[in-house]
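# Need a 3D model of the following:
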Amino acid sequence: MPTEDTHKGSKGPFRVYSPASLGDAIRHYRTAAGLTQAQLAEMAGLQRSYLSELESGKETEQLKRILRVLRQLGVRMTLDEADW
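Alright, predicted model coming up:
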């Protein structure tokens, strides 16, 4: 299993296997887009504090459930920059 800092300085793709790895990916793509947390939160219709918690790796109940389903299926989520 990769460490949380596997992608420091990387452009992706990011393997999402924990709340921390998802937070790293979100932070990477947000900063690569030149957005502040407040800007992205407004664009996504979220509270900035919620986005901050995601980026810091806080395990929300929804995320916990999604990761549990993926583990049971034996699959993983990978995030990569979209070309659309």
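
# who's in contact with the nearest residue to Ala20 once chain neighbours are set aside?
Spatial nearest neighbour of Ala20, excluding adjacent residues (CB to CB, 6 or more residues apart in numbering): Gly57 at 3.5 Å. Just so you know, the C-beta spots here come from the backbone N, C-alpha and C atoms, and that holds for glycine as well. Gly57 is in contact with Glu4, Ser18, Pro19, Ala20, Ser21, Leu22, Gly23, Asp24, counting by CB atoms under 8 Å, 6 or more residues apart in numbering.

# distance of the second one from Ala25?
Right, the one you point to is Ser18. Plainly put, Ser18 is 11 Å away from Ala25 if you go by CB to CB, to the nearest Å.

# Of the two, give the one with the bigger neighbour count.
Using other CB atoms under 10 Å, the more surrounded residue of Ser18 and Ala25 is Ala25, with 23 against 15.

# Out of the contacts of Gly57, which end up buried?
Taking 16 or more other CB atoms under 10 Å as the criterion, what is buried in those is Pro19, Ala20, Ser21, Leu22, Gly23, Asp24.

# could I get those residues as CSV with secondary structure?
Converted to CSV, those look like this (DSSP: H, G, I helix; E, B strand; the rest coil):
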residue, secondary structure
Pro19, helix
Ala20, helix
Ser21, helix
Leu22, helix
Gly23, helix
Asp24, helix
